[in-house]
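Engineer: Fold the following.
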Amino acid sequence: MLEKINEKNYNFSMNYCDAHTHLQNIENLHETMSQAYENGVSGFICNATHEDDWEKVISISKKYPHVFVALGVHPYFLSTLKSGWDKRLEKLLKDNPSFMVGEIGLDKIKADQDPLISSLDRQEQVMRIQMDLAAKYNRPFHLHCVRAWDRVLHILKRNKRPVYFVSHSHHGNVNMIPQLSALGAYFSYSSIFLPRNREKVRQCLKETPIDRLLVESDAPDLSKEVSVIPSLVEKMANLRQEEPTFLIEHIQKNFEELVNGRSI
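Structural biologist: Here you go, the predicted model:
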C-alpha cells in the first residue's frame, strides 16, 4: 500500500472528503491513511495549530495525495508565539498559493481558564492578524469558535476577510446560518452532531444549505480515525432525510470548490 499511496500519478476519485483534520498528531499515520484510502476517503484538509506544526503539515501534504495545507495559530497555543511568527506565516502563504489559513479563532472556555495568556482580546488580536493575511492572499481560513459567536460575527463583519471560510465543527445557533452564509461560511460537521441531546447542532446540520455543507473527522481529537467520514456522511444523510449519494456528490463539490477556488 505504501507504493500506491506515494505514487505521484495515483489516480482516484475523491468520493469522501475530510474538511478538517490534524494528521500531524496521528500516531501510525501511514496505517491511518491507508485505511482512509481503502474506505474511499481521499481528500483531506490538514490544519496546523501552532508554528511548530507548519513544516510537519507541509511534509505530510508532500507524502500523501490530496492532503491540502492550512497553516495558522489556534487560540489554545498563543503561549507558543515567537517574534516574527506572522511574517513567517505570510512568507509561506505567499510562496505557496494553495495553502489556506487555519486553525484560527476564539475560545471563551480557554480565555476563562488562561486569562493572562489567552484572553479573548489577545485571541482576537491574533485572529485578526491571520484573517488579514487570508484576505491579502485570498485564502480561505478555518474558524474555531467556542461560546464567542457574537464577537466572531462582529469581527467577520468589520475585519478584512477572504470570500470564503470554514466554520469547523460547527455548533452555533441555527439562526446564525443565514448570517454566516452571507459572510462566506462553509459549515463543516464533526461527530458532535451524533448524540440525540445535541439538538442545536443537529438543527444547524439540517438547516445548512447543501452548497455550503462539509464533513470532518477532526482526528485525532474528536474521532480517532479519518476513515470515520463515510459513517458520518451516512448519518448526516439520514438526519437531513437525503440520499447518501446526493450528499456525497455535493460535499465533494463543496470541498473541491473550497480548495480550488469557488466562482463568485
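Engineer: Is I58 in contact with F68, as I believe?
Structural biologist: No - applying C-beta atoms under 8 Å, one finds I58 not in contact with F68, separated by 11.0 Å. Using the backbone N, CA and C atoms, a C-beta is placed for each residue, glycine as well.
Engineer: could you say what helices and strands the host helix or strand of A70 packs with?
Structural biologist: In the assignment (DSSP states H and E), A70 maps to strand 67-71. The contact analysis (3 or more C-beta pairs under 8 Å, 6 or more residues apart in numbering; DSSP states H and E) places strand 67-71 against strand 41-47, helix 51-63, helix 85-95, strand 100-107.
Engineer: These: which one's closest to E216?
Structural biologist: E216 lies closest to strand 41-47 among these, at 8.1 Å (C-beta to C-beta).
Engineer: Output the helices and strands packed on strand 67-71 in JSON lines, with distance to L143, mean neighbour count and mean pLDDT appended to each entry.
Structural biologist: Compiled in JSON lines, the helices and strands packed on strand 67-71 are given as follows (distance: least, C-beta to C-beta, whole Å; neighbours: other C-beta atoms under 10 Å; pLDDT from 0 to 100):
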{"stretch": "strand 41-47", "distance to L143": "11", "mean neighbour count": "27", "mean pLDDT": "96"}
{"stretch": "helix 51-63", "distance to L143": "17", "mean neighbour count": "17", "mean pLDDT": "98"}
{"stretch": "helix 85-95", "distance to L143": "16", "mean neighbour count": "15", "mean pLDDT": "98"}
{"stretch": "strand 100-107", "distance to L143": "5", "mean neighbour count": "26", "mean pLDDT": "98"}
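Engineer: So which of those is nearest Q241?
Structural biologist: With C-beta to C-beta as the criterion, Q241 lies closest to strand 41-47 of these, at 23.9 Å.
Engineer: Mind listing residues that contact the closest one?
Structural biologist: Applying C-beta atoms under 8 Å, 6 or more residues apart in numbering, the contact partners of strand 41-47 are 12-24, 36, 57, 60-61, 64-70, 72, 100, 102-103, 142, 166, 168, 226-227, 229-230, 252, 255-256, 258-259.
Engineer: Can you tell me which of the residues you listed are buried?
Structural biologist: By neighbour count, with 16 or more other C-beta atoms under 10 Å, the contacts of strand 41-47 hold 14-24, 36, 57, 60-61, 64-70, 72, 100, 102-103, 142, 166, 168, 226-227, 229-230, 252, 255, 258-259 as buried.
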